[in-house]
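[1] need coordinates for the below:
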Amino acid sequence: MLRRRRMTRSFLPTPIPDDIVDRVLAAGLRAPSAGNTQGTDLVVLVGPQQTARYWNVTLPADRRDSFAFPQLLDAPVLVVPVAAPGEYARRYGEPDKHRTALSHRDRWPVPYWYVDTAFAAMLVQLAAVDAGLGVLFFGLFGHVDAVRAALGIPGDREPIGTIALGYPDPAHERPGRSASRPRRPVGDVVHRGGW
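    Have a look, this model is predicted:
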């Protein structure tokens, strides 16, 4: 499954059966979570009417003609993983975690709300690949506030990106510019026993 994972940029508009969508989303709920905080939410848009709300604020119609991957907009499902930083501060203020001194967001040396939400996003992607779907994770870049408003995401939550799900269209698929960049060899990445 890991070797089959690729970023898909051209989708068929074919709907994904609900049971497959549910199974893929449930995989995200199995992600590790610091202190079992469970501070990740998934905003799921299914079908052209719902996904249009997303695309209308991130890729307005006047920019679509020049968009390099127009069939990305055909993805029948979009998932926006959302982190809840305040939940981590609350959880680590509880008696069993209070001694960690992590009851304030600015005290976390690594913001685990992003780590845990990224874990959930990766599990969603792997489950999608396992179900025979194509996936693409992409950033929100300058559209965080617009997406938050369009989808009703509370201000104390942080969307971390978007996952497009659907059946790949191999006839129109072409790799992104970064696809030809070689992977670092295992020997350059893995440092056994120390750096």
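[2] mind listing the helices for the chain?
    Here the chain has its helices, by DSSP state H, at 18-28, 47-58, 61-64, 85-91, 112-130, 144-151, 186-189.
[3] closest one to residue 137 among those?
    helix 112-130 (6.2 Å; Cβ to Cβ). (C-beta placed from N, C-alpha, C; glycine too.)
[4] okay, now the unreliable bits of this structure?
    Along the chain, the parts satisfying pLDDT under 70 run over 1-6, 175-176, 179.
[5] returning to that earlier point: residue 75 is nearest to which of the helices of the chain?
    Using Cβ to Cβ, those put helix 47-58 closest to residue 75, at 7.0 Å.
[6] one step back: now the helices of the chain as CSV including distance to residue 8?
    Listed next are these as CSV, based on distance: least, Cβ to Cβ, whole Å:
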stretch, distance to residue 8
helix 18-28, 14
helix 47-58, 15
helix 61-64, 19
helix 85-91, 30
helix 112-130, 9
helix 144-151, 21
helix 186-189, 25
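[7] nearest to residue 78, of the ones you listed?
    Of these, nearest to residue 78 by Cβ to Cβ is helix 47-58, at 5.1 Å.
[8] so what touches the closest one?
    Outside of helix 47-58, the residues within contact range by Cβ atoms under 8 Å, 6 or more residues apart in numbering are 13, 15, 45, 73, 75-78, 80, 140, 143, 146-147, 149-151, 162.
[9] before we move on, back to that, could you identify which of the helices of the chain is most buried?
    Sort these by mean neighbour count, taking mean count of other Cβ atoms under 10 Å, and helix 112-130 sits at the top with a mean of 21.
[10] for that helix, name the packing helices and strands.
    helix 18-28, strand 40-46, strand 77-83, helix 85-91, strand 134-138, strand 162-166 (3 or more Cβ pairs under 8 Å, 6 or more residues apart in numbering; DSSP states H and E).
[11] dump the ones you listed into TSV; add distance to residue 7 as well.
    Shown next, in TSV, are those (distance: least, Cβ to Cβ, whole Å):
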stretch	distance to residue 7
helix 18-28	16
strand 40-46	19
strand 77-83	15
helix 85-91	27
strand 134-138	5
strand 162-166	9
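[12] list the contacts for the closest residue to residue 112 other than its chain neighbours?
    Once flanking residues are discounted, residue 112 sits nearest to residue 34: 4.1 Å by Cβ to Cβ, 6 or more residues apart in numbering. Residue 34 makes contact with 88, 91, 112, 115, 116, according to Cβ under 8 Å, 6+ apart.
[13] okay, among the residues you listed, which ones form the most distant pair?
    Across the contacts of residue 34, the longest distance by Cβ to Cβ is 14.2 Å; it joins 91 and 115.
[14] many thanks, I have nothing further to ask.
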